[in-house]
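Participant: What follows is a protein structure lacking sequence information:
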């Protein structure tokens with residue numbers, strides 16, 4: 001079975017005694033509060049073949065005692081997929097111009113982790129820091145649907161006070 005990431009399907013493969021190939025092996029945040037971090041190390045222990053995206057991911061596996069002959073550095077499938085979907089440079093420049101931005105002169109922030117969005121105080125702190133950065137450089141903040149949900153709560157920088165979270 002080939003699994004990408006830190007899915008429970010990998011654990012099911014082990015329960016069925018299926019050979020397991022783990023794509024994105026060796027990825028570590030070192031943050032035990034992240035649910036996916038709970039599966040990463042055990043899946044890498046169970047996998048027969050580990051496809052590490054980067055040499056750093058390979059180094060993580062080696063440091064954890066995984067035999068080198070089970071590890072291959074294969075590249076990052078997510079990054080490669082994003083690169084294939086990007087519009088060409090002219091389209092990207094036109095999109096930036098529509099937003100009033102220039103290349104390499106803005107900050108793109110994605111705020112989607114539950115520990116940053118589910119707790120109103122944490123979200124307020126993130127937005128406060130982004131607002132401070134926005135005084136120096138434009139901030140682009142695409143909102144995840146759960147963060148964008150209508151209701152009371154903190155608003156992104158520049159969001160009108162009467163608008164519920166700029167939904």
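Facilitator: All right, it came through fine. Note that this is a predicted model, so its numbers are computed, not measured.
Participant: Going by C-alpha atoms from here, please, whenever you check contacts or count neighbours.
Facilitator: Fine.
Participant: Helix, strand or coil: sort out residue 72 for me.
Facilitator: strand (DSSP: H, G, I helix; E, B strand; the rest coil).
Participant: pLDDT weak spots in this protein?
Facilitator: Along the chain, the model assigns pLDDT under 70 to residues 146, 148-167.
Participant: Check what contacts stretch 8-22 and list those residues.
Facilitator: Under the criterion CA atoms under 8 Å, 6 or more residues apart in numbering, residues 1-5, 39, 43-44, 46-51 lie in contact with stretch 8-22.
Participant: All the strands of the chain, residue numbers only.
Facilitator: Taking DSSP state E as the criterion, the chain contains strands spanning 2-4, 21-25, 49-52, 71-73, 107-108, 139-140.
Participant: Run a quick neighbour tally on residue 110.
Facilitator: Using other CA atoms under 10 Å, residue 110 is surrounded by 11 other residues.
Participant: ok, now which ones touch it?
Facilitator: In this structure, residue 110 makes contact with 141, 142, 143, judged by CA under 8 Å, 6+ apart.
Participant: Same list, those residues, but as CSV with neighbour count and distance to residue 70 please.
Facilitator: Shown next, in CSV, are the contacts of residue 110 (neighbours: other CA atoms under 10 Å; distance: CA to CA, whole Å):
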residue, neighbour count, distance to residue 70
141, 15, 40
142, 14, 39
143, 16, 39
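Participant: Around residue 18, count how many other residues there are.
Facilitator: The number of residues near residue 18, taken as other CA under 10 Å, comes to 14.
Participant: what's the closest of the strands of the chain to residue 114?
Facilitator: For those, distance to residue 114 was read as CA to CA. The smallest value, 18.5 Å, belongs to strand 107-108.
Participant: same for that closest one, what does it pack against?
Facilitator: strand 139-140 (3 or more CA pairs under 8 Å, 6 or more residues apart in numbering; DSSP states H and E).
Participant: counting contacts, what elements does the strand it packs on pack onto?
Facilitator: For strand 139-140, where contacts count as 3+ CA pairs under 8 Å, 6+ apart, the packed elements are strand 107-108.
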